[in-house]
Structures are given as structure tokens and as C-alpha cells.
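**Q** Need coordinates for the following:
(chains A and B)
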Amino acid sequence: AQSVTQLDSHVSVSEGTPVLLRCNYSSSYSPSLFWYVQHPNKGLQLLLKYTSAATLVKGINGFEAEFKKSETSFHLTKPSAHMSDAAEYFCVVSDEGGGADGLTFGKGTHLIIQP
Amino acid sequence: DAGITQSPRHKVTETGTPVTLRCHQTENHRYMYWYRQDPGHGLRLIHYSYGVKDTDKGEVSDGYSVSRSKTEDFLLTLESATSSQTSVYFCAISEGQHEQFFGPGTRLTVL
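**A** Numbering: from 1, shown residues only, chains lettered A, B, ... in the order given. Below you'll find the model as predicted:
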């Protein structure tokens, strides 16, 4: 069985400061991990993915995430927040052993950017 | 949105009426999915398809049925809509069993 926990339901940062969105997972297999972003009234857009290659993954819009197996974490970071980063972010895990329905979504972190 | 459209984008209906939502893709991906998104629950899988006429249930399938007669179309039907089915519905596609690409969503209100 797999699960994912996003440790903060809301994160508020000032524009220009670093962003950290935390995600922990559990998986019985070698997982694939993803971060998606959802802007208001929009669909989900893939930010980045980890699929057992480099543990530091670079995504779109300056976001990065580091896969740490020992900590079962996949935290999302960005050095400097922009107002356009305000959105909902979802951490997602997929087991290699899972079927076509093998994606498990976190409940989301709402990122607020203060001017 | 990776060549995925959903129709309608918004719908208001009454309790007890049937409703069908359509997902159309132009990517020729094998897998298609229907999710619902509700505050505090994230996304929950309703049904998915792994090929034409091949479908299976997800986490919250009660009250929903699906059909896939062509690779590009995946229909979600609420046989008799209830207020608890008021939600935002997302279609997604994938080629393998990993990252999925999402449509723009359908906002359904059941009065």
C-alpha cells in the first residue's frame, strides 16, 4: 500500500523569499513521485517528476524537489517566490507495483504569496 | 492541457436526473481516468480505463458508471444525480502507469 502526506495545508511566504512545501510518502515498491500545481479554476499541471534517476529533480518555473529515500521525503522548493506561484500544490506517489490506478494524491498545500 | 477537453465545463442539474460528462483526448493515450475534487479530500479516483471497452472502479465509484467505445472518448455517467455528487470533475490521461495529464475540469452542481 502507498500513501502520501503533505505536512502543511497552507504555506504563506513573502514575494522573493524561499518556498518549501513538504511531502512524505510510504511505498512498498520503488516509487515514482510527482508534484502537480493547480491554479484557481484550472486543471492540474505537472511541475516535476522523480522516476529513480537523479535524486534532485528540476521542474518548470524554477521549482526543484529532492528525493530522500532515508527520510521518505520529496519536498518541493523554490529559491525566490513570485506572485504567480500562488496556487494549490499536490504531491503524488506511484508504486511500480501498482496498477493503472496506482497514483495516490496528497490532500494539497495552498501556497499564499504575500506582496 | 495536453490535448484533453472536457464537456460541459459547467453544469447545474436537479437531484434524480441523469448526467453525462465527456472527456476527449487527441493524444492517443491508452489510459484515461475520472477524478472528483472536493475540499479537504484532494483528488479521488472514480473510474479508469486501460483500453477500449476496458474499465475498472476506483476509490469512489458508487453512483457512477463509465464507458469507452473509442480510444479518444471516456464518458462518465451519473445515473441519478444526488447533491453529494456536486463537485469538480477532472479527466486525466496517461500512456504508461505513471504521470497523468489533466483536463480543465467540469464543475457540476446538483440542486
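**Q** measure the closest residue to B:Gly40 other than its chain neighbours to A:Phe34 for me?
**A** Nearest-residue entry for B:Gly40: A:Lys107, 6.7 Å, with adjacent residues in sequence omitted and distances by C-beta to C-beta, 6 or more residues apart in numbering or on different chains. All C-beta spots, glycine's among them, are computed from the backbone N, C-alpha and C. Going from A:Lys107 to A:Phe34 by C-beta to C-beta, to the nearest Å gives 15 Å.
**Q** Tell me which of these two has more neighbours.
**A** Neighbours around A:Lys107 and A:Phe34, counted as other C-beta atoms under 10 Å in any protein chain shown, are more numerous at A:Phe34. The numbers are 28 against 16.
**Q** all strands for chain B, in order.
**A** Per DSSP state E, chain B carries strands over the ranges B:4-7, B:10-13, B:19-25, B:31-38, B:42-51, B:54-57, B:64-70, B:73-78, B:87-94, B:101-102, B:106-110.
**Q** Show me which residues of the first one are buried.
**A** The neighbour-count criterion (16 or more other C-beta atoms under 10 Å in any protein chain shown) identifies B:Ile4, B:Gln6 as the buried residues of strand B:4-7.
**Q** which residues sit against it?
**A** Contact with strand B:4-7 is made by A:43, B:21-27, B:89-93, B:101-106, as judged by C-beta atoms under 8 Å, 6 or more residues apart in numbering or on different chains.
**Q** again, only using 7 Å
**A** B:21-25, B:91, B:93, B:101-106 (C-beta atoms under 7 Å, 6 or more residues apart in numbering or on different chains).
**Q** Once you drop chain neighbours, what's closest to B:Gly58?
**A** Using C-beta to C-beta, 6+ apart, the nearest residue to B:Gly58 is B:Leu45, at 3.1 Å.
**Q** B:Lys57 is in contact with the one you found, correct?
**A** No. Using C-beta atoms under 7 Å, B:Leu45 is not in contact with B:Lys57, being 8.7 Å away.
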